[in-house]
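*Asks:* quick one: sequence and predicted model below, then my questions.
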Amino acid sequence: MRIDIVSIFPEYLDPLRLSLVGKAVDAGLVNLGVHDLRSFAHDRHRTVDDTPYGGGPGMVMSPVPWGEALDQIAGAHPGERIDGGTMTGGGVRPLLVVPTPSGERFTQSVAQQWSDEPWLVLACGRYEGIDTRVIEHYAGRSDWAGVREVSVGDYVLAGGEAAALVIVEAVVRLIPGVLGNAASVADDSFAAGSMERLLEGPVYTKPAEWRGIDVPEILMSGHHGRIAAWRAEQAHARTREHRPDLLG
Ligand code: 6GU
């Protein structure tokens with residue numbers, strides 16, 4: 001999978017070199033490009049924003065540098081595909097992902113769908129957001145796979161970068177070969193087909209007693225059937241406690 005991220009704070013994306021995503025990049029499973037939006041502005045001050053039409057507080061990101069950045073990024077890697085897949089119909093089309101608190105909810109199911117995409121381009125907005133014509137334009141472009149505006153939760157961040165980190169990590173860990181243990185993905189809270197949509201229950205490791213607290217005896221029993229039943233019960237209890245909305 002190829003992933004490009006456009007931001008006025010490209011250093012904000014440096015953590016993607018670490019840990020699981022960094023390893024996926026090093027292993028050649030993900031081809032990651034981070035781009036500075038300001039390098040696509042041509043005035044002396046490299047301006048990327050302007051005052052909103054109709055008035056109101058704050059600034060809006062100009063469609064002009066966004067259009068130049070996205071066209072150049074999409075044109076610079078035509079049909080590039082490093083995942084060994086074969087291409088039909090004239091090349092891979094990028095899916096434009098725009099993190100925004102006014103987007104649809106970014107869920108595990110969306111992450112799962114996107115883990116099959118050959119190419120994601122994330123456009124990180126700041127200020128009051130990106131001029132809406134950018135969304136409209138790329139949604140209508142047949143050389144793009146579409147546009148998805150997504151929110152990572154019901155709170156407001158200062159910009160799309162932190163959300164982009166969340167989205168990229170959630171997607172990349174689902175790419176085949178990225179996680180060592182495929183079973184841990186199937187077991188995830190929110191994973192499709194896992195015990196409906198339950199939260200994962202508590203986990204324990206050695207020592208068997210720590211600061212006066214014992215590991216539940218059932219986990220030491222070796223009765224795999226009873227352990228599975230206990231874990232299912234714990235998952236239900238945790239879901240009832242923390243996320244009753246998931247039980248309906
Ligand atoms: Cl995707 N962006 C911003 N700026 N704030 C958010 C968000 C995204 N999701 C929740 N809050």
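*Replies:* Everything's here; your move.
*Asks:* and the contacts of stretch 20-31?
*Replies:* With Cβ atoms under 8 Å, 6 or more residues apart in numbering as the test, stretch 20-31 has contacts from 1-3, 16-17, 32, 80, 82-83, 168-169, 172-173, 175, 177-179. Yep, even glycine has a C-beta here, placed from its N, CA and C like the rest.
*Asks:* what ranges do the strands span in this protein?
*Replies:* 2-7, 31-36, 49-50, 60-61, 95-105, 119-123, 146-151, 209-210, 213-214 (DSSP state E).
*Asks:* longest helix of this protein, counting residues only.
*Replies:* Identified as the longest helix of the chain according to DSSP state H is helix 224-242.
*Asks:* okay, it in CSV with CA atoms only?
*Replies:* Taking Å, rounded to 0.1, in the frame of the first residue of the first chain, the C-alpha atoms of helix 224-242 are listed here in CSV:
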residue,chain,number,x,y,z
HIS,A,224,-9.5,-24.2,27.8
GLY,A,225,-13.3,-24.4,27.5
ARG,A,226,-13.9,-22.9,30.9
ILE,A,227,-11.3,-20.2,30.3
ALA,A,228,-13.0,-19.3,27.0
ALA,A,229,-16.3,-19.1,28.8
TRP,A,230,-14.9,-16.9,31.6
ARG,A,231,-13.3,-14.6,29.1
ALA,A,232,-16.6,-14.2,27.2
GLU,A,233,-18.3,-13.4,30.5
GLN,A,234,-15.6,-10.8,31.4
ALA,A,235,-15.9,-9.2,27.9
HIS,A,236,-19.7,-8.9,28.4
ALA,A,237,-19.2,-7.4,31.9
ARG,A,238,-16.7,-4.9,30.6
THR,A,239,-18.9,-3.9,27.7
ARG,A,240,-21.9,-3.4,30.0
GLU,A,241,-19.7,-1.2,32.3
HIS,A,242,-17.8,0.9,29.7
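*Asks:* tell me the average confidence for it?
*Replies:* Mean pLDDT, helix 224-242: 98.
*Asks:* what helices or strands is that helix leaning on?
*Replies:* Packed against helix 224-242 by the contact rule (3 or more Cβ pairs under 8 Å, 6 or more residues apart in numbering; DSSP states H and E) you find no helix or strand.
*Asks:* which positions within that helix qualify as buried?
*Replies:* For helix 224-242, burial by neighbour count (16 or more other Cβ atoms under 10 Å) applies to Trp230, Arg231, Gln234, Ala235, His236, Arg238, Thr239.
*Asks:* what do you get for stretch 2-14?
*Replies:* Arg2, Ile3, Asp4, Ile5, Val6, Ser7, Ile8, Phe9, Pro10, Tyr12, Leu13.
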